[in-house]
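J.: Sequence and predicted structure, then a few things I'm wondering about:
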Amino acid sequence: MQSSAYDTDAMVRTLCEMIAIKALSGEEKPMADYVETFLRRLGIPAERDEDDNVVGILEPREPGDPRNNTLILSGHTDTVVPVEGWASDPFAPAVEGDGEDRRVIGLGASDMKGGLAAMLHAAERLAAARPERLRVLLAFTVCEEGSGHGKKNGVHKVLARHPGRWALTTEASCGADGLTLALGCQGHAQGTIVLRGRSAHSASPERGKNAIHAAAAVVSRLAAMHEHYPEIAVYENVHARASVAVTRIGGGQATNIIPERCELKVSRRLAPGETVADFERELARATSGLNGVSAETAVHCDATACVVDVHGPFFQAAREASVQLFGAARCSWNRARTDQVLFAQAGMDVLNAGPGSMGQAHVAGEYIRAHDLPRGAAFLQAVCERLDAFLKG
């Protein structure tokens, strides 16, 4: 089975229809309508909850324990708000170029309606063939890009109802040479630092303790920490590297008052093997010795880094599928936090592979290469076929 078995033009039409649907975080109902209708047209039973998470269920011919035979194919239906710089309407899809240079342009093209299109078209083939022992769930979830209207990331609700063994997210993973297997992703911890000094008249700054000046020292220390994070070997030539950055800062009351308070928000991307305690120790070092300015720190972390089991059947199936279809298994690492971490928290083995182009998320003029769409769908189908064969023994 080759990617040419999929109709590129049909997949481009599906993607363009989805790009034209505005579905910001918390406002995914129109996309849920589209996906649910598509699945039901294929004859695939679909569940939908009150938050507009949609799950298509492909039961195998020989049912088994869902915890041992279920693969979840997952993608989010929301997009970010359009950034500045779009030269055209981001919700009006455009197709430009020919052959290998043919592109579909529009908000969410790569992040990640291209992945959703691959899931839907692969589902058509999987439903027709109906795996013998592999149970396939197609999860279309809300609020990956951020919470909205009282909703949060829909993966949590899907996992509460549908446990599984493996999860393959379809976020963008294509480089210049095509699809890569993203072996995992960083975790994300968020820190808050509150600095407290002493106010004074700005004509006599030495009488106060300037919280903003202390914040400058903290920023400098964290920047130095970032520069010294080592690369961590993940698999063969794939490496991970942690990061830390101050992303928000605020303080001061008036131009003639030495600020007594300043608050910083810190984004910390956790590499494999790192823990929240590592970040807490870093914040303690960064806020020590601030010339009389005190510091309070707090950390929130929804997940640490996750890595696929490179010796397990899931990675083996993905690797073999990639070699068969594309002549090689190219691997990568996602330095951002993706939904992979949520599936890993549930004890599932995880991978990411999708037809979107890496580097196109959250940018003006976002695009996807048209020829990567059928290749992405063919890959999903091939992985399912191999996992089904594995379960059959």
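T.: Received it, and whenever you're ready, just let me know what you need. Numbering: from 1, shown residues only.
J.: and stretch 64-74, how far out from the chain's middle?
T.: 21 Å (Cα atoms, centre = their mean, to the nearest Å).
J.: low-confidence ranges in the protein?
T.: Residues of the chain meeting the criterion pLDDT under 70: 1-4.
J.: domain ranges for it?
T.: The chain breaks down by automatic domain parsing into domains covering 3-185+305-392, 187-303.
J.: just the ones you listed: most buried one?
T.: Among these, domain 3-185+305-392 has the highest mean neighbour count (mean count of other Cβ atoms under 10 Å), at a mean of 20. The way it works is simple: take the backbone N, C-alpha and C, and place the C-beta from them, glycine included.
J.: Let me know the secondary structure of A321.
T.: Assigned by DSSP: H, G, I helix; E, B strand; the rest coil, the conformation of A321 is helix.
J.: Which residue ranges of the stretch 251-393 of the chain form strands?
T.: Along the stretch 251-393 of the chain, the segments classed as strands by DSSP state E, counting those that start in this stretch run 261-270, 294-303, 306-307, 331-334, 349-352, 367-369.
J.: Next, format the ones you listed as JSON lines and append distance to R248.
T.: As requested, those are exported to JSON lines (distance: least, Cβ to Cβ, whole Å):
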{"stretch": "strand 261-270", "distance to R248": "4"}
{"stretch": "strand 294-303", "distance to R248": "14"}
{"stretch": "strand 306-307", "distance to R248": "26"}
{"stretch": "strand 331-334", "distance to R248": "23"}
{"stretch": "strand 349-352", "distance to R248": "28"}
{"stretch": "strand 367-369", "distance to R248": "30"}
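J.: Relative to A172, which of the ones you listed is closest?
T.: Closest to A172 of the strands of the stretch 251-393 of the chain, according to Cβ to Cβ: strand 367-369, at 7.8 Å.
J.: neighbouring strands for the closest one, and are they parallel or not?
T.: strand 103-105 (antiparallel) (DSSP bridges).
J.: who touches the partner strand?
T.: Residues from elsewhere that reach strand 103-105 (Cβ atoms under 8 Å, 6 or more residues apart in numbering): 12, 15-16, 19, 88, 93-97, 114, 365-370.
J.: Which members of these are positioned in helices?
T.: 12, 15-16, 19, 114 (DSSP state H).
J.: Mind putting these into JSON lines with distance to C331?
T.: Shown next, in JSON lines, are the ones in helices among the contacts of strand 103-105 (distance: Cβ to Cβ, whole Å):
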{"residue": "V12", "distance to C331": "28"}
{"residue": "L15", "distance to C331": "26"}
{"residue": "C16", "distance to C331": "31"}
{"residue": "I19", "distance to C331": "29"}
{"residue": "G114", "distance to C331": "20"}
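J.: So which of those residues is the closest to E144?
T.: Among these, and counting by Cβ to Cβ, the member closest to E144 is G114, at 14.6 Å.
J.: do you know how far the closest one is from S25?
T.: 18 Å (Cβ to Cβ, to the nearest Å).
J.: How about V266?
T.: For V266, the distance to S25 - Cβ to Cβ - is 23 Å.
J.: Same question for R248.
T.: R248 is 19 Å from S25, by Cβ to Cβ.
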